[in-house]
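**Student:** task: produce atomic coordinates for the following.
(2 chains)
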Amino acid sequence: MVRALLYLRFTSLGNLLRSRVLRLRQPKYLVGAVVGAGYFYLIFFRRVTVGPPLSATEAAGFPSELMPTVAALGALVLLVIAALSWLVPSQRAGLTFSEAEIAFLFPAPVTRRKLIHYKLLGSQFAVLFTSLLFTFFSRRWSFLGGNAATHAVGWWFVLATLNLHFIGSSFVITRLLVRGITPWRRRLAVLGGLALVVAGTLLWIWHGLRAPQAADLADFTTMVAYLGTLLSHGPLAWLLLPGKAVLGPFLAPDGRAFLVALGPAALVFAAHYWWILKAEVSFEDASIMKAEKRAARVAAVREGNWRPTRGTDSARPGPFRLAETGRPELAFLWKNLLSTHPIFRPRVLAIVAGGLVALCLWLGSRPDYHAGLTIIATVVLMAGGYILFLGPQLARQDLRSDLLNADILKIYPLRGWQIVLGEMLTPVAILSGLLWLALLAAILAFQPADLDWLTLPARTVTAVCLGLVIPFVCTLQLLVPNAAALLFPAWMQSMRNRTERGIEVMGQRLIFVAGQFLVVVVALLPAALVAAVLIFASQWLIGPAAAVALATLPVLAILAGEIWFGVHWLGARFERFDLSSELRP
Amino acid sequence: MIEVHGLSKNYGSFAAVRELSFTVRPGEVLGLVGPNGAGKTTTLRCVAGIIPASTGTVHIAGHDLATDPVAAKRALAFFPDEPRLFDYLTVKQHLAFVARIYGVTGHEAIAQPLLEELEIADKADQLPGALSRGMKQKLAIACGLLHRPSVMFFDEPLTGLDPLGIRRMKDSILQRARAGAAIVLSSHLLHLLEEVCSHVLILKQGEKIADGTIAEVAARFSNGEVGVNLEEVFIRATGGSEK
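**Tutor:** Next comes the predicted model:
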């Protein structure tokens, strides 16, 4: 039986790897893999092969006497994570099995213990992979000592022990639930225990240790040293011992220390393993529920309907009253706004705008608070840039979300361009609203003392002109991902699918983001050139504010023309679009 | 009225539907039958304007689907085998959305009797996630019927319905046909076709094998026998295999 389970595990893994390699025959995955691998090389591996190691400079500046404090702090983090595994869960233990595993293994003559071993073995693949990934990410921490191999093994001990702890705690929680101990009683007990430890530590500090003096808080090193003293004495020190043991291999500065640290770490790991075998409980019911939820989630992702809040979604009132007649495109705005958080509503926008105006006016009336205005201006400018460049990737309530409903959309008595335009209205409205808020705050908060010509009227005119241009720029930006959804639906679908992972999928996403940026820059170039020439030529005659206003008109005309062309072209493409043939493997 | 002439649909070198012609007059119910992969769903998707035909013409209520798709679509309703609904719209909001798209004035007065007829009036404020498969199907039907179409296409209309739902659906189809609608439905359930359809069209590998009234098609394949049912006719017409 064990051999059959091992066969299942290794064959599944082999087939998964084979399918990943075979799909590289498709250009979309091959190109993605090349780009993804290049990205990984530049971010992680290049540091290994090119330039001085980071540790050379950083190790010199890191006092070795602080290492015990680092270990204690790490152990404290592990302790908090472990405590959360006792506090958060409210349901019975459910090991993660796929629906196929449940169908084949649960009715099979396999003992519960063997199923647990099967899952433990299965989880090791994920733990090993994550350990390697963390090793790459933590290369910058090599000032702690050790090398890549000791760090990889160290991460494995940390992650594998935590994994066992989660399983063990879930088993014990199940036992408590069976005995009628409710989640809240258990949480109170755990919190009570933690409170006792904290109180004991404070008591010990009161009696055995001095309170922090000014010298202890003078700089980073003295603060860390004082913290280390706190963590290495009293009752807390005992609680941190297992965590320190688990972290030992990772923090070992050299090979000998590493070998010495392996013993305690293995002991803690073995103790957890023994605990799980002893704590064995019925996990089948919860595992089946878990598998069903997971299967439903995967199906929703594949259909393009998955939302993080899906489970708690409830009916919402319409964002505005939808009249029975009028432009049908607005019906899409109404429909897609319903899919967003209720915060994206005109009423909320008006309230936030009012609050921003009041805050900026109040800060402006207090000379001693002018620094607050500078902070607001800086924050909103950064936020505005972020929304402008990354917003179209995040606000996806358009064809990207509705593409799998294409069959239904195409039955409606509308032309393709109307559907495309209607679908894009929601992200345009959301992004425009956010950018208008940022613009409003910036114009109120940005009061440069050394730019005399940038008067309040000039700033106001510029803001109004920018406010007019914003929806057009957002629409133009959103045309690109919507065009990609129609032109490369299979590609977009694999990028959307959150169950799809791998270096090739990451590469696909990188290509898309770079492509979008390039297309938008090219599309904005004509309007930007015309605006620059007009402002430069006319400002001498009519002043900067009027020049900006004058330049805005042709800019809007150019952008509207580009949008008209793009929407109609995409509409024609949508009318010819056949989802069933596009998504064929 | 549905008029289809020389309809073909090709996917590369593969012909899913070949030179298909048929007419469905008001009050007629045409049953589209054929083995798996015969091209039934592709035909329905082409005549409903979901996918463009490679060649041929489709007229819906007198409007050419290729040159005047908006007018043609205004007259038709398509009911897929799997109800496709928007997860975040309630039953009532689905109807409000569809009413705006089709410009149905006074839609609430039309929707209420529809919801009552389909027995989902008490679910008006529920999201699709809270509805059973059958209720979702009923909501999709309510959305399709809201604009009072004169042409209807049903793809496997009984999938997921309970026995009572099946009975109601059959009655509903017959009622719409009696009211003057031209209806095409595809199904593997031959007893449904015998009960509901006035005409039948048998497809195999994208080609029309036979069409006409059920009696005409039965007569063609009965070899002089009396009382041959549609199942036997189907098996004889298609040769009993998909190929």
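**Student:** buried sites along the helix or strand that contains A:A547?
**Tutor:** In this structure, A:A547 sits in helix A:544-576 according to DSSP states H and E. Across helix A:544-576, burial judged by 16 or more other C-beta atoms under 10 Å in any protein chain shown covers A:544-545, A:547-552, A:555-556, A:558-559, A:562-563, A:566-567, A:569-571, A:574-575. Where C-beta positions appear, they are placed from N, C-alpha and C, glycine not excepted.
**Student:** stretch A:186-199 too?
**Tutor:** So for stretch A:186-199, counting by 16+ other C-beta under 10 Å, buried means A:R186, A:V190, A:L194, A:V197.
**Student:** what score does the spatially closest residue to the second one that is not a sequence neighbour have for pLDDT?
**Tutor:** On the basis of C-beta to C-beta, 6 or more residues apart in numbering or on different chains, the spatially nearest residue to A:V190 that is not a chain neighbour turns out to be A:W86, at 4.7 Å. At A:W86, the pLDDT value in this model is 85.
**Student:** and A:L337, by the same measure?
**Tutor:** On the pLDDT scale, A:L337 is placed at 92.
**Student:** A:Q508 too?
**Tutor:** So, for A:Q508, pLDDT stands at 77.
**Student:** now A:M289
**Tutor:** pLDDT recorded at A:M289 is 68.
**Student:** who's in contact with the strand or helix carrying the residue nearest to A:V190?
**Tutor:** Element membership for A:W86, per DSSP H and E: helix A:67-87. For helix A:67-87, the external contacting residues (C-beta atoms under 8 Å, 6 or more residues apart in numbering or on different chains) are A:144-145, A:158, A:162, A:165-166, A:169-170, A:173, A:186-187, A:190-191, A:194, A:224-225, A:227-228, A:231-232, A:237, A:239-244, A:246-248, A:251, A:253.
**Student:** count the residues that sit near residue 123.
**Tutor:** No chain specified, so I'll use chain A. 18 (other C-beta atoms under 10 Å in any protein chain shown).
**Student:** think we crossed wires, I meant chain B
**Tutor:** Neighbours of B:K123 under the rule other C-beta under 10 Å: 20.
**Student:** sorry, back to before: which is the next helix or strand following the helix holding A:W86?
**Tutor:** Later in the chain than helix A:67-87, the nearest helix or strand by DSSP H and E is helix A:99-105.
**Student:** picking that back up, overlap between the buried residues of helix A:544-576 and the residues near chain B?
**Tutor:** Filtering these for proximity to chain B by C-beta under 8 Å from any C-beta of the partner chain leaves A:E575.
**Student:** hang on, the earlier thing: inside helices: which ones of the contacts of helix A:67-87?
**Tutor:** A:158, A:162, A:165-166, A:169-170, A:173, A:186-187, A:190-191, A:194, A:224-225, A:227-228, A:231, A:237, A:239-244, A:246-248, A:251 (DSSP state H).
**Student:** filter the residues you listed down to the buried ones.
**Tutor:** Judged by 16+ other C-beta under 10 Å, buried ones among the ones in helices among the contacts of helix A:67-87: A:158, A:162, A:165-166, A:169-170, A:173, A:186, A:190, A:194, A:224-225, A:227-228, A:231, A:237, A:239-240, A:242-244, A:246-248, A:251.
**Student:** part of a strand, is A:R316?
**Tutor:** No: residue state for A:R316 (DSSP: H, G, I helix; E, B strand; the rest coil) corresponds to coil; a strand is not indicated.
**Student:** for it, phi and psi?
**Tutor:** The phi/psi pair for A:R316 (degrees, to the nearest 10) reads phi -130, psi 150.
**Student:** buried stuff in the host helix or strand of A:G263?
**Tutor:** Element membership of A:G263 [criterion: DSSP H and E] is helix A:255-278. Neighbour counts over helix A:255-278 (16+ other C-beta under 10 Å) mark A:257-258, A:261-262, A:264-266, A:268-269, A:272-273, A:275-276 as buried.
**Student:** possible to save those residues as CSV with distance to A:M506?
**Tutor:** Shown next, in CSV, are those (distance: C-beta to C-beta, whole Å):
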residue, distance to A:M506
A:A257, 36
A:F258, 32
A:A261, 34
A:L262, 34
A:P264, 37
A:A265, 32
A:A266, 35
A:V268, 34
A:F269, 32
A:H272, 33
A:Y273, 34
A:W275, 37
A:I276, 34
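**Student:** what's the most distant pair in these?
**Tutor:** A:A257 and A:I276 (29.1 Å; C-beta to C-beta).
**Student:** residues from the stretch 351-500 of chain A in reach of chain B?
**Tutor:** For the stretch 351-500 of chain A, the contact set with chain B under C-beta under 8 Å from any C-beta comprises A:N405, A:A406, A:D407, A:I408, A:K410, A:I411, A:Y412, A:P413, A:L414, A:R415.
**Student:** quick one: the third one is in a helix?
**Tutor:** The reference is to A:D407. Yes: according to three-state DSSP, A:D407 belongs to a helix.
**Student:** what does the pLDDT read for it?
**Tutor:** pLDDT, A:D407: 86.
**Student:** surely it touches B:P83?
**Tutor:** No: contact status for A:D407 versus B:P83: not in contact, 11.3 Å apart, counting by C-beta atoms under 8 Å.
**Student:** comparing these two, which residue is more hemmed in?
**Tutor:** B:P83 (22 against 19).
**Student:** specify the local secondary structure of the more buried one.
**Tutor:** Classified using three-state DSSP, B:P83 is coil.
**Student:** now the phi/psi pair for it, please.
**Tutor:** The phi/psi pair for B:P83 (degrees, to the nearest 10) is phi -60, psi 130.
**Student:** what do you get for the one 4 residues further on?
**Tutor:** Backbone dihedrals for B:D87, given as degrees, to the nearest 10, come out at phi -60, psi -30.
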